[in-house]
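In: got a structure for you, letters missing:
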């Protein structure tokens, strides 16, 4: 499987994951347990080509914290940019990010879309994170779905999200899925999400095939 995003820069190679877990007093920390069955793709977009540079990683990190402290329950697990990834909510905790019952069985992954960033780097980082979560939680690529799809399956009024991917920009969903497969094939993952070096050792023993379900290695 070939790499799809050919114009990525060194920033994506140096990207790091930062755990900025929200305080438990935030309303968007549900403190409800879940076992993730899906990974849901989002974009915090105000419309195609309409998101100003100020809507950056720091803006959304501050917003999700303030929203939670002000009693707002909407949240998501990860925010992905072109240089960094932030985690706000533990993966095994419910987050209200779809407006459907998928909230109780999925991990929400937002991707930054503001002007002034490398969108291919951000897309690669999102694919890399999704690949990592697939391996960690034993999920097949068929369990990677869009926010729009969660609402369709729940027979709720559709919301076009992630709008850029669904509009076909940068290769759309097919290109994104190809990049996930590339990350799995090359083991380009965020190893910071694994809890021990033994889990990483187990990972490298696996023959990863994007078409198949993955062996769940957590807890081995």
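Out: Perfect, thanks for sending it. Note that the structure is predicted; figures quoted are calculated from it, not measured. Residues are numbered from 1 along each chain as shown.
In: what about the chain, any weak spots by pLDDT?
Out: In the predicted model of the chain, residues 1, 45-50, 196-220 satisfy pLDDT under 70.
In: for the residue nearest in space to the middle of the chain, grab phi and psi.
Out: Relative to the mean C-alpha position of the chain, the nearest C-alpha, by C-alpha atoms, centre = their mean, is the one of residue 109, at 2.7 Å. Dihedral angles of residue 109 (phi, psi; degrees, to the nearest 10) stand at phi -120, psi 110.
In: tell me if I'm right that it and residue 77 touch.
Out: Yes. In terms of C-beta atoms under 8 Å, residue 109 counts as a neighbour of residue 77; the distance is 6.7 Å. Every C-beta, even on glycine, is put in place using the N, C-alpha and C of the backbone.
In: that older thread, give me the beta-bridge partners of the residue nearest to the centre of the chain?
Out: residue 41, residue 78 (DSSP bridges).
In: buried residues in stretch 123-143?
Out: Judged by neighbour count (16 or more other C-beta atoms under 10 Å), stretch 123-143 contains these buried residues: 123-139, 141, 143.
In: give me the subset of those residues lying in helices.
Out: Counting by DSSP state H, those place 123-137 in helices.
In: closest to residue 17 out of these?
Out: residue 129 (7.7 Å; C-beta to C-beta).
In: would you agree that closest one is in contact with residue 190?
Out: Yes. Using C-beta under 8 Å, residue 129 is in contact with residue 190, at 5.9 Å.
In: any shared contact partners between these two?
Out: 17, 85 (C-beta atoms under 8 Å, 6 or more residues apart in numbering).
In: so what's residue 65 closest to, chain neighbours aside?
Out: residue 22 (6.2 Å; C-beta to C-beta, 6 or more residues apart in numbering).
In: check the secondary structure at residue 27 for me.
Out: Secondary structure assignment for residue 27 (DSSP: H, G, I helix; E, B strand; the rest coil): coil.
In: can you tell me how far it is from residue 134?
Out: Distance of residue 27 to residue 134, computed by C-beta to C-beta, to the nearest Å: 29 Å.
In: residue 16 now?
Out: Distance from residue 16 to residue 134, by C-beta to C-beta: 20 Å.
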